[in-house]
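Engineer: Here's my sequence, what's the structure:
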Amino acid sequence: MNHSLPEVKEVLIFAPHPDDEALGCAGTIMLLNKKGVSSTIVFLTNGEKLYQEPSPVVAEQRKDEGRRASEMLGCKEPLFLNIPDGEINRHIEKIYNEIYAIIKKREPGIIFSPSPIDYHVDHISTSHIALKLFNTINTFKLTFYEIYSTLRFNYLIDITEVVEDKKRIILNYKASLYGKPEVYVNAALGLNAQRSLFVQKNGYYEAFYMIENNVDLDRICDYLLYRDLYE
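Structural biologist: All right, here's what the predicted structure looks like:
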């Protein structure tokens with residue numbers, strides 16, 4: 001079990017929609033930024049299908065919230081790829097090429113992504129793109145974070161000192177979280193509190209699965225779902 005991330009100068013955070021980064025890894029990103037790391041959120045979509053039908057008004061609201069969250073986190077100006085919400089799996093090559101160029105320019109040491117077992121098609125598709133980039137470029141450590149589904153982790157980061165800041169960042173996402181961000185605060189921080197069981201002390205922790213060497217998707221899913229224990 002690791003309790004501190006490797007030292008790096010630059011990180012990228014892949015967020016399929018504005019709010020994913022806040023729910024999943026806001027505390028860890030703030031801690032990295034406080035240490036002088038340069039971090040950038042890449043929002044793949046604008047989340048315009050929040051209420052099923054695409055809405056340019058919702059898209060702009062969520063982009064505004066994403067910009068504010070990025071500033072609150074201490075990140076650099078966020079990048080928006082403007083991929084249609086719910087259709088990341090239809091634009092794999094386009095996204096891959098755009099992010100490939102970003103990686104070559106920014107040279108991140110760590111990339112954060114939703115995991116391949118997270119409960120949303122855009123989150124899963126994002127993880128597939130992240131893994132393809134990792135196996136192709138192999139100059140960064142790929143780190144999966146939790147949003148809707150828990151994962152088997154090898155890094156557990158204590159975010160207790162910034163948990164109130166994480167709460168404020170989630171509350172910033174009022175439009176994105178259906179006007180009820182307090183429900184998502186309760187859920188996200190509840191998960192972070194549950195992770196304290198693994199260190200046997202009160203606090204809040206964000207869990208990650210980091211990979212450092214080339215590996216295929218099946219092996220990752222076997223690990224995350226504990227199937228490797230029964231081979």
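
Engineer: From here on, just use CA atoms for contacts and neighbour counts.
Structural biologist: Noted.

Engineer: Can I get the helix or strand of the chain with the lowest mean pLDDT as PDB, trimmed to CA atoms?
Structural biologist: Ranking every helix and strand in the chain by mean pLDDT, DSSP states H and E puts helix 217-224 at the bottom, with a mean of 94. Only the C-alpha atoms of helix 217-224 are listed here, as PDB (Å, rounded to 0.1, in the frame of the first residue of the first chain):
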ATOM      1  CA  LEU A 217      -7.300  -4.100 -20.400                       C
ATOM      2  CA  ASP A 218      -8.200  -7.600 -19.400                       C
ATOM      3  CA  ARG A 219      -5.400  -7.900 -16.900                       C
ATOM      4  CA  ILE A 220      -6.400  -4.500 -15.400                       C
ATOM      5  CA  CYS A 221     -10.000  -5.600 -15.000                       C
ATOM      6  CA  ASP A 222      -8.900  -8.900 -13.600                       C
ATOM      7  CA  TYR A 223      -7.000  -7.000 -10.900                       C
ATOM      8  CA  LEU A 224      -9.700  -4.400 -10.200                       C
END
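
Engineer: So what's the gap between it and the chain middle?
Structural biologist: Helix 217-224 sits 18 Å away from the centroid of its parent chain (CA atoms, centre = their mean, to the nearest Å).

Engineer: So, low pLDDT: which residues of this structure?
Structural biologist: The model of the chain has pLDDT under 70 over residues 231.

Engineer: Okay, buried residues for the least confident helix or strand of the chain please.
Structural biologist: For helix 217-224, the neighbour count (16 or more other CA atoms under 10 Å) marks 220-221, 223-224 as buried.

Engineer: try stretch 46-58
Structural biologist: Buried-residue list, stretch 46-58, by 16+ other CA under 10 Å: 46-50, 58.

Engineer: repeat for stretch 223-231
Structural biologist: For stretch 223-231, by 16+ other CA under 10 Å, it's 223-224.

Engineer: outside of that stretch, which residues touch it?
Structural biologist: 117, 151-153, 221-222 (CA atoms under 8 Å, 6 or more residues apart in numbering).

Engineer: now the strands: where do they sit in the protein?
Structural biologist: Assigned by DSSP state E, the strands in the chain fall at 10-15, 38-45, 79-83, 110-114, 141-145, 155-158, 205-211.

Engineer: Which neighbouring elements make contact with the longest one?
Structural biologist: Of the remaining helices and strands, those touching strand 38-45 by 3 or more CA pairs under 8 Å, 6 or more residues apart in numbering; DSSP states H and E are strand 10-15, helix 20-34, strand 79-83.

Engineer: among these, which is nearest residue 40?
Structural biologist: Proximity to residue 40 (CA to CA) singles out strand 10-15 among the helices and strands packed on strand 38-45, at 5.1 Å.

Engineer: Please state the offset of that closest one from the chain centre?
Structural biologist: Between the centre of strand 10-15 and the centre of its host chain there is 8 Å, according to CA atoms, centre = their mean.

Engineer: which other residues reach it?
Structural biologist: Against strand 10-15 from outside (CA under 8 Å, 6+ apart): 21, 37-44, 106-114, 126.

Engineer: What strands line up against it, and which way round?
Structural biologist: strand 38-45 (parallel), strand 110-114 (parallel) (DSSP bridges).

Engineer: check contacts around the nearest residue to residue 67 once chain neighbours are set aside.
Structural biologist: Of all residues not flanking residue 67 in the chain, residue 78 sits nearest, at 6.5 Å (CA to CA, 6 or more residues apart in numbering). Residue 78 makes contact with 40-43, 66-67, 70, according to CA under 8 Å, 6+ apart.
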